[in-house]
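Colleague: Just need the structure, nothing else, for what follows:
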Amino acid sequence: MAIAVYTLCALLSTGCAIMLFRGYRQRRQKLLLWSSLCFVGLALNNIVFFVDVVVLPDVNMWGSLVRSTVGALSGLVLLYGFITELT
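Modeller: Next up, the predicted model:
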């Protein structure tokens, strides 16, 4: 059951990134671009989590550090987009 949840999370965040990027291509609003880049990072975060927990559970290859870094960078990309849109 957990594998299904992890897979659905990765697919959902990938789908959100695709829809946000399509919206950006149609409207050319920069906040849609920053949001789509954030969701690309969140999709990568979910994929790294899946690999770390399901595919390679016994191998400690800094998976949690990579996961945390990717998640934090994704949030920072969206924060940067918010800040640049306000100014």
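Colleague: which stretches of this structure have low pLDDT?
Modeller: 61 (pLDDT under 70).
Colleague: If we use 80, what do you get?
Modeller: Across the chain, residues meeting the criterion (pLDDT under 80) sit at 59-63.
Colleague: residue ranges for the helices of it, please.
Modeller: With DSSP state H as the criterion, the chain has helices at 2-27, 30-50, 63-86.
Colleague: Contacts for stretch 9-28, please.
Modeller: With contacts defined as C-beta atoms under 8 Å, 6 or more residues apart in numbering, stretch 9-28 is touched by 29-30, 32-33, 35-37, 39-40, 42-43, 45-47, 50. (Each C-beta comes from the backbone N, C-alpha and C, glycine too.)
Colleague: try it again with 7 Å
Modeller: With contact meaning C-beta atoms under 7 Å, 6 or more residues apart in numbering, stretch 9-28 is reached by 32-33, 35-36, 39-40, 42-43, 46-47, 50.
Colleague: Test my guess that residue 37 contacts residue 77.
Modeller: Yes. Under the criterion of C-beta atoms under 7 Å, residue 37 makes contact with residue 77 at 5.0 Å.
Colleague: and the helices of the chain, which is most packed in?
Modeller: With neighbours taken as mean count of other C-beta atoms under 10 Å, the helices of the chain reach their highest mean count in helix 30-50, at a mean of 20.
Colleague: what packs against it?
Modeller: Applying 3 or more C-beta pairs under 7 Å, 6 or more residues apart in numbering; DSSP states H and E, we find helix 30-50 packed against helix 2-27, helix 63-86.
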